[in-house]
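Colleague: build the 3D model from these lines:
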Amino acid sequence: MQIAKADSTRRIWDRREIEWAIGALITAAGVYLHWVNLRSAGALWRDEAGVVRIAILPTIREMWSNLGHESCPILFPALLRAWSFTVGGSDAALRVFGFIVGLLMLGAVWSNGWFFDRSAPLIALGLLAVNASVVRWGDSLRAYGLASVLMLVTFAVVWRFVRAPNLKRWLAAALLAVISVQCLFQNSFLVLAVCAAAAAVSLRRQNFKSALAALGIGMPAAISLLPYRAIIREAQDWSVLSQIGFLPALIWTNLSDAMSPTVPWLRWLWITLALVAIARCVKGIRVMPNGAENDINSIALFAGTALIVGLIAFFIFLWIAKMPTKVWYFLPLTTFGAVCIDATLASWPARWQSWRCAFAILALACLPGARELVAYRQSNMDLAAGVLRERAEPHDLIVVHPWTFGVSFDRQYSGPTPWTTVPPLVDHRFHRYDLFKAKMTLENPVQPVCDQIAATLRAGNHVWLVGDIPVSQTPPPQIQPAPNNPWGWLDDPYSDVWGAQVGYFVAMHATQGEVIPIPSANAISPLENVQVIVVAGWQQVLAAPLSGSGATLLSPTF
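Modeller: Numbering: from 1, shown residues only. Next comes the predicted model:
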């Protein structure tokens, strides 16, 4: 009997060694992708530039008062501030910060595998390590990557409390929950899910005191968010500009890209694994956990319940927020979900464990496509700014559209040529939706830009159009001040029409135009791939007025 037991133990360790080897292989592939991203991402794009600018404001009080213009609490800007003032605030130095966050995410995945099953987390690694969306947006200078790391750590620490409840572990879990929600507001919904899962395990064990204590883990985190009430109320005044409602089709598209941006079949494996994990959780409820630390039924109940409640809570958040979802919004959910799935299925089925190794190896099929995506530059605004510094004269004019591009342009451009956005705003350090909303209520907010263009061209100087201004002789539509249009307070339609008005004005008045090439060694992300057009000359011919304005137009041969 002892020989049989020894043989069984040896087989387990032989299997574990194979799993660790495969885990190390896919982790190495993940580290490689993070390295490619570090070398390729380039200049900060507008969303990154905005949060960095808030982080390096002159005083901490000023940083705090402007948090409403960003989508995260104080922790991430504070860390960026410390990094910028100690290591450096250049784009390259900040990319290193993101690279470290990406490596920490891999480490957090491994830590969860060790805490839950003392094994390599092959399922989570297969879903995350070579996922281009996880690499690109986890390493991005936004709070989502670090928030995902902190949420995974919180998940593991709460499980330690569930396994052996005591005050020390409760305090550690509560502290991690506070830190987690201080990095990203959305993490509060996942913290709720983890606390509910911990309470479910304790209730199943008929330990009602521990169940209450588990629910109490989230209380300090909830209280820590109270100081943001005034900031959130203020931000709600302009958040209406982006609220489009709960759109299942858009949510599915972005969630699919978050799960697998390169290999379509992998997203269906995500869904299949999640459903199997939920079924495994339900099966685990039927067996009364014995309280042992390595009880696989308790793990399945804990991780499966966290997955179920996390999914429900996160989609409730999306329904409440009514914001247009982006791929990176789902990063905390996908990383959390992958670890929950891994923990639930780590020891299932007991008689056939090789499927986890096969899955991890199969996931390596994502590597070539992921390598291609993370090799994209995040922006070419720095390249465009370099061209303008060389070629634009002090008496020229630079017009940037859409106005959100002004944030990255403000970071990258330091030349003598005056510049403006469409419409003109007094602050381009970060996204000032409050200023843009004020422009939306005006009769013709682009008239000052058209006047500047006309004065520059009449004086024989050049106008440089940066971004996406559609230069066309097709008259733009007529619109009313907000919200007296079919789209109400949504900002994009107003921005599009105003950009078209400026493009029409240029097309009707300028006599010369040229598209300036912006060479790049890497492909550019479509999120911020700007073009530069230079126009010159002036001709004045009476024509129809510009959509609601008194500007005089002509019909040139542009």
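Colleague: C-alpha only now, for contacts and for neighbours.
Modeller: Noted.
Colleague: name the nearest residue to residue 161, ignoring sequence neighbours.
Modeller: Of all residues not flanking residue 161 in the chain, residue 169 sits nearest, at 5.2 Å (C-alpha to C-alpha, 6 or more residues apart in numbering).
Colleague: what helix or strand does the one you found sit in?
Modeller: Using DSSP states H and E, residue 169 falls within helix 167-181.
Colleague: pLDDT (mean, whole number) over that helix?
Modeller: Per-residue pLDDT over helix 167-181 has a mean of 97.
Colleague: ok, now stretch 487-501?
Modeller: Rounded mean pLDDT across stretch 487-501 is 95.
Colleague: change the start of the numbering to 440 and stick with it
Modeller: Yep, numbering from 440; the last one is stretch 926-940 now.
Colleague: I'd like the distance from stretch 599-606 to the chain centre, please.
Modeller: 33 Å (C-alpha atoms, centre = their mean, to the nearest Å).
Colleague: also stretch 558-566?
Modeller: Put simply, stretch 558-566 sits 23 Å off its chain's centre (C-alpha atoms, centre = their mean).
Colleague: re the thing from before, wait, what's in contact with the residue nearest to residue 600?
Modeller: 596-597, 599-600 (C-alpha atoms under 8 Å, 6 or more residues apart in numbering).
Colleague: separation between it and residue 649?
Modeller: Distance of residue 608 to residue 649, computed by C-alpha to C-alpha, to the nearest Å: 12 Å.
Colleague: how about the strands in this protein?
Modeller: 836-840, 858-860, 902-906, 951-955, 970-975 (DSSP state E).
Colleague: of these, which stretch is the most buried?
Modeller: strand 902-906 (a mean of 26; mean count of other C-alpha atoms under 10 Å).
Colleague: which strands and helices lie in contact with it?
Modeller: strand 836-840, helix 886-897, strand 970-975 (3 or more C-alpha pairs under 8 Å, 6 or more residues apart in numbering; DSSP states H and E).
Colleague: partner strands of it, with direction?
Modeller: Sheet pairing of strand 902-906 (DSSP bridges) gives strand 836-840 (parallel), strand 970-975 (antiparallel).
Colleague: can I get these in a markdown table with distance to residue 654 and mean pLDDT?
Modeller: As requested, the strands paired with strand 902-906 are exported to a markdown table (distance: least, C-alpha to C-alpha, whole Å; pLDDT from 0 to 100):
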| stretch | distance to residue 654 | mean pLDDT |
| --- | --- | --- |
| strand 836-840 | 48 | 98 |
| strand 970-975 | 53 | 98 |
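Colleague: so which of those is nearest residue 455?
Modeller: strand 970-975 (53.0 Å; C-alpha to C-alpha).
Colleague: show me what that closest one is in contact with.
Modeller: Residues outside strand 970-975 that contact it (C-alpha under 8 Å, 6+ apart): 823, 896, 899-907, 945, 949-957.
Colleague: count of neighbours near residue 643?
Modeller: 19 (other C-alpha atoms under 10 Å).
Colleague: sorry, that was for residue 917
Modeller: Residues near residue 917, counting by other C-alpha under 10 Å, number 12.
Colleague: check residue 919 too.
Modeller: Neighbour number of residue 919 under other C-alpha under 10 Å is 16.
Colleague: how about the nearest residue to it, chain neighbours excluded?
Modeller: residue 882 (6.9 Å).
Colleague: and for that neighbour, the neighbour number?
Modeller: Neighbour tally, residue 882, other C-alpha under 10 Å: 14.
Colleague: wait, it sits on residue 921?
Modeller: No: look at residue 882 against residue 921 with C-alpha atoms under 8 Å: they stay out of range, at 9.1 Å.
Colleague: re earlier: show me the one of the strands paired with strand 902-906 that comes nearest residue 684.
Modeller: Nearest to residue 684 among these is strand 836-840 (25.6 Å), distances taken as C-alpha to C-alpha.
Colleague: next up, the contacts around the residue nearest in space to the middle of the chain.
Modeller: The centroid of the chain falls nearest to residue 767 when counting by C-alpha atoms, centre = their mean (3.1 Å). Applying C-alpha under 8 Å, 6+ apart, we find residue 767 in contact with 572, 576, 583, 697.
Colleague: again, only this time at 10 Å
Modeller: Residues in contact with residue 767, defined by C-alpha atoms under 10 Å, 6 or more residues apart in numbering, are 572-573, 575-577, 579, 581-584, 693-694, 696-697, 773.
Colleague: relative to residue 493, how far out is it?
Modeller: When residue 767 is compared with residue 493 (using C-alpha to C-alpha), they lie 20 Å apart.
Colleague: same check, this time on residue 756
Modeller: With distances taken as C-alpha to C-alpha, residue 756 is found 25 Å from residue 493.
Colleague: that older thread, okay but the residue nearest to residue 919 is in contact with residue 922, surely?
Modeller: No: the criterion here is C-alpha atoms under 10 Å, and residue 882 misses it with residue 922 at 11.7 Å.
Colleague: what is the neighbour count of the closest residue to residue 742 other than its chain neighbours?
Modeller: Nearest residue to residue 742 in three dimensions, chain neighbours excluded: residue 779, at 4.9 Å (C-alpha to C-alpha, 6+ apart). Using other C-alpha under 10 Å, residue 779 has 30 other residues around it.
Colleague: and residue 779, what does it touch?
Modeller: Neighbours of residue 779 in contact, by C-alpha under 10 Å, 6+ apart: 551, 562-563, 591, 594, 713, 716-717, 738-739, 741-747, 749, 773, 785.
Colleague: 8 Å instead?
Modeller: So residue 779 contacts 742-743, 745-746 (C-alpha under 8 Å, 6+ apart).
Colleague: then residue 699?
Modeller: By C-alpha under 8 Å, 6+ apart, the contact set of residue 699 is 570-572, 705-706.
Colleague: local confidence estimate at residue 994?
Modeller: Listed pLDDT for residue 994 reads 36.
Colleague: again, but for the one 3 residues further on
Modeller: At residue 997 the predicted local confidence, pLDDT, stands at 45.
Colleague: report the distance from stretch 458-476 to the chain centre.
Modeller: 22 Å.
Colleague: dump it to CSV, restricted to CA.
Modeller: The C-alpha coordinates for stretch 458-476 follow below in CSV (Å, rounded to 0.1, in the frame of the first residue of the first chain):
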residue,chain,number,x,y,z
GLU,A,458,2.5,21.8,-15.9
TRP,A,459,5.2,24.1,-14.4
ALA,A,460,7.3,23.7,-17.5
ILE,A,461,4.3,24.5,-19.8
GLY,A,462,3.4,27.4,-17.5
ALA,A,463,6.9,28.7,-17.7
LEU,A,464,6.8,28.5,-21.5
ILE,A,465,3.6,30.5,-21.9
THR,A,466,4.8,33.0,-19.3
ALA,A,467,8.0,33.5,-21.3
ALA,A,468,5.8,34.1,-24.3
GLY,A,469,3.8,36.7,-22.3
VAL,A,470,6.9,38.5,-21.1
TYR,A,471,8.1,38.6,-24.7
LEU,A,472,4.9,40.3,-25.7
HIS,A,473,5.2,42.8,-22.9
TRP,A,474,8.7,43.6,-24.1
VAL,A,475,7.5,44.1,-27.7
ASN,A,476,4.8,46.4,-26.4
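Colleague: what comes up buried for that stretch?
Modeller: With burial defined by 16 or more other C-alpha atoms under 10 Å, the residues of stretch 458-476 counted as buried are 458-459, 461-462, 465-466, 468-476.
Colleague: return the member of those nearest to residue 792.
Modeller: Using C-alpha to C-alpha, residue 458 is the member of the buried residues of stretch 458-476 that lies nearest residue 792, at 9.7 Å.
Colleague: from residue 713, how far off is that closest one?
Modeller: 21 Å.
Colleague: who has more neighbours out of residue 756 and residue 493?
Modeller: Taking other C-alpha under 10 Å, residue 756 and residue 493 do not tie; residue 493 has more neighbours (25 against 15).
Colleague: and the pLDDT at the more buried one?
Modeller: 97.
Colleague: touching, it and residue 517? I think so.
Modeller: No: the criterion here is C-alpha under 8 Å, and residue 493 misses it with residue 517 at 9.4 Å.
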